[in-house]
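K.L.:
Here is a sequence together with a model predicted from it:
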Amino acid sequence: MITLDSIQKRWQEIQPLVDRTPLIALPVQANEGGQRCWLKLENFQRTGSFKARGAASKLIHLQKSSPDKTGVITGSAGNHGLGLSAAASALGMAATIVVPRNAAAPKVAALQRYPIELILQGADYDAAEELAREIARQRGLEFVHAFSDPEVITGQASLGLEILEQSAAGGINIDTLIVPVGGGGLIAGVAAAVKQSRPQIRVLGVQSATSPAMFQALAQGRVVETPIGETWADGLAGRFVTDLTLEYARQYVDQVFLVSEEAIRRAMQVLIRTTGLVVEASAAASLALVLDQPAVCGSETACILTGRNVDLQLVRQLISD
């Protein structure tokens, strides 16, 4: 398990490659449960999502531990690929990114702006990851997992420290932190940082009910294959978590909840209407839990909005509705 000291050290190392993002109050008119709610705007991160932190962490570690490695490859739904592309470009490394054919168009368009090899193949994230692993074996590239990697998790943990620092500076006594969960890399890092710093803060995960891989793994005490239903939250969709992220969740996460697709959709609309923020469905899942199940939240709750790389056609549909 990563230590608080290692998280703090890596946070300092990655700061030239990532942005500190704002922590703002959710407008009162949006908060029907009556609790004070804060929004951590990782949608303002330079690549459009929190994934920049973990990717930068991994590549900085590789440069120190394996300087002969000049090329990396990953399978991604889009945001991890963007983070890896940005970090590789900044550090002078070659990158190959495999994304599924159904990847969100804005993520693909953003990837095409980087000097990388982009491969669109596979029906979903899991298929893209499998292909990326095969190419890594064939070419001798370093495979960088999107979430199940200690160095990636250490980078994501910087987000937890940043929230604690900002809340302390603003006199905000956060008692609950809500984190969207896909494969579990973000909540693994954030929960490790928060619980080792302020163990009294509750760390809650949230997934779409159509893709409950971590929820099911915790319920059964092991990694299980979980079918993916139709979802707007493509960044949270995956059939598996891993033993590594499950272990972090078991040790540091208080509970994982499920929300409906309708609740996620409504949270996106609330953000557009009350703040003007356009975020991915995956990002809105944290606020969806506050709006849909306010009783599980605290009096001072912080929600991580994980990314902004959303299809504009979806945004038009939300606004028209």
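P.N.:
Looks like it came in fine.
K.L.:
Count the neighbours of the closest residue to Trp38 other than its chain neighbours for me.
P.N.:
Take Trp38 and drop its neighbours on the chain: the residue closest to it by C-beta to C-beta, 6 or more residues apart in numbering is Ala302, 4.4 Å away. Placement of C-beta: from N, CA and C, glycine included. Ala302: 28 surrounding residues under other C-beta atoms under 10 Å.
K.L.:
now do Gly92
P.N.:
A count of nearby residues for Gly92, using other C-beta under 10 Å, gives 8.
K.L.:
Residues contacting stretch 154-167, please?
P.N.:
2, 6-8, 10-11, 14, 18, 20-21, 23, 38, 40, 42, 50, 53-58, 172-174, 177, 185-186, 188-194, 197-198, 302, 304 (C-beta atoms under 8 Å, 6 or more residues apart in numbering).
K.L.:
one more time with 7 Å, if that's ok
P.N.:
2, 6-8, 10-11, 14, 20, 23, 40, 42, 50, 53-54, 56-58, 174, 177, 185-186, 189-190, 192-194, 197-198, 302, 304 (C-beta atoms under 7 Å, 6 or more residues apart in numbering).
K.L.:
Would you mind checking those for buried ones?
P.N.:
Buried members of those, counted by 16 or more other C-beta atoms under 10 Å: 2, 7, 10-11, 14, 23, 40, 42, 50, 53-54, 56-58, 174, 177, 185-186, 189-190, 192-194, 302, 304.
K.L.:
Tell me which entries of those lie within helices.
P.N.:
Of the positions in the buried ones among the contacts of stretch 154-167, 7, 10-11, 14, 53-54, 56-58, 185-186, 189-190, 192-194 sit in helices, assigned by DSSP state H.
K.L.:
Which of the three states applies to Leu258?
P.N.:
Following DSSP: H, G, I helix; E, B strand; the rest coil, we place Leu258 in the strand state.
K.L.:
What residues are bridge-paired with it?
P.N.:
Beta-bridge pairing of Leu258 under DSSP bridges involves Gln207.
K.L.:
Contacts only, for it.
P.N.:
207, 209, 212, 215.
K.L.:
again, but for Asn102
P.N.:
Asn102 touches Asp124, counting by C-beta under 7 Å, 6+ apart.
K.L.:
Now do stretch 177-187: distance to the chain's middle.
P.N.:
In terms of C-alpha atoms, centre = their mean, to the nearest Å, the centre of stretch 177-187 is found 6 Å from the chain centre.
K.L.:
May I have it exported as CSV, CA atoms only?
P.N.:
Extracted as CSV, the C-alpha positions of stretch 177-187 are listed here (Å, rounded to 0.1, in the frame of the first residue of the first chain):
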residue,chain,number,x,y,z
LEU,A,177,-15.9,12.9,0.1
ILE,A,178,-17.7,11.4,-2.9
VAL,A,179,-15.6,9.8,-5.7
PRO,A,180,-16.9,8.3,-9.0
VAL,A,181,-15.7,4.7,-9.4
GLY,A,182,-14.9,2.8,-12.6
GLY,A,183,-11.9,0.5,-12.3
GLY,A,184,-11.1,2.0,-8.9
GLY,A,185,-7.8,3.8,-9.5
LEU,A,186,-9.0,7.2,-8.5
ILE,A,187,-10.8,6.2,-5.3
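K.L.:
what's the nearest residue to Pro115 if we skip its chain neighbours?
P.N.:
Excluding the flanking residues, the one nearest Pro115 by C-beta to C-beta, 6+ apart is Ser89, at 6.3 Å.
K.L.:
Can you read off the pLDDT for that neighbour?
P.N.:
On the pLDDT scale, Ser89 is placed at 96.
K.L.:
my guess is it is in a strand, correct?
P.N.:
No. Secondary structure of Ser89 (three-state DSSP): helix, not part of a strand.
K.L.:
wait, it sits on Arg113?
P.N.:
No. Using C-beta atoms under 7 Å, Ser89 is not in contact with Arg113, being 10.0 Å away.
K.L.:
between the two, which one's more packed in?
P.N.:
Taking neighbours as other C-beta under 10 Å, Ser89 and Arg113 compare with Ser89 leading, 15 against 10.
K.L.:
can you map out the helices along the chain?
P.N.:
Counting by DSSP H, the helices of the chain are 4-14, 51-65, 79-91, 105-111, 125-139, 150-169, 185-197, 213-220, 243-252, 261-275, 281-292, 312-320.
K.L.:
Burial-wise, tell me which of those comes out on top.
P.N.:
Highest mean neighbour count among these (mean count of other C-beta atoms under 10 Å): helix 281-292, with a mean of 29.
K.L.:
Other residues contacting that one?
P.N.:
32-33, 37, 43, 178-180, 206, 208, 232-236, 257, 259, 263-264, 266-268, 270-271, 296-297, 301, 303-307.
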